[in-house]
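Undergrad: Okay, here's the prediction I keep looking at, along with the sequence it came from:
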Amino acid sequence: MTQSHGVNRKVLKFTQMNTIVILGLTFLIGSLIAAFGHYYFYQRKKKHAKSLVLDLKNFNLAVKNEDFIRMDKYGKSLLWNVHLDMELLDKISEIVDANITEHSILKDLKLLIYNKQSNWNSHSRF
């Protein structure tokens, strides 16, 4: 009788150790995923900050040269930039609205601008 009771204690200690190890590994892996995610988004934000100025310069140059393909390219790049603000979005929208009747390539960009403005306007109501 005492021998089976001793086996139960060993099994209980082994189970408790497994639980502690599993919890420790879960915490460690979760912390590593969080750290890598934070680093990735930090690097992405830095990259977007640098590219905002260059993309805006290229977009304005495309407008000046009436290069609608590049306007579409850099306009979309600006729309996906995390540092884009409402003022800049409104300026891009005005430029695209002025040129959309002549060139159908800008219709997709206009739709993206509309969706972004709608999204921001719906969030600003709360």
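TA: Received, thanks.
Undergrad: Let's see the pLDDT reported for F126.
TA: F126 carries a pLDDT value of 51.
Undergrad: Hmm, I typed the wrong one, I wanted W120.
TA: The model's pLDDT for W120 equals 82.
Undergrad: Likewise for G24?
TA: For G24, the predicted pLDDT is 91.
Undergrad: close enough to count as contact, I95 and V63?
TA: Yes. With contact defined as Cβ atoms under 8 Å, I95 and V63 form a contacting pair (5.6 Å). Bear in mind the C-beta positions are built from the backbone N, C-alpha and C, glycine included.
Undergrad: Now the common contact residues for the two.
TA: Both I95 and V63 are contacted by M71, under the criterion Cβ atoms under 8 Å, 6 or more residues apart in numbering.
Undergrad: Give the other helices and strands that the longest helix along the chain contacts.
TA: Counting residues, the longest helix found in the chain (DSSP state H) is helix 2-64. Using 3 or more Cβ pairs under 8 Å, 6 or more residues apart in numbering; DSSP states H and E as the contact test, the elements touching helix 2-64 are helix 68-79, helix 86-99.
Undergrad: quick one, it and helix 68-79 angle?
TA: Relative orientation of helix 2-64 and helix 68-79, computed by axes from the mean of the first three to the mean of the last three Cα atoms, to 10 degrees: 140 degrees.
Undergrad: I am finished for the moment; much appreciated.
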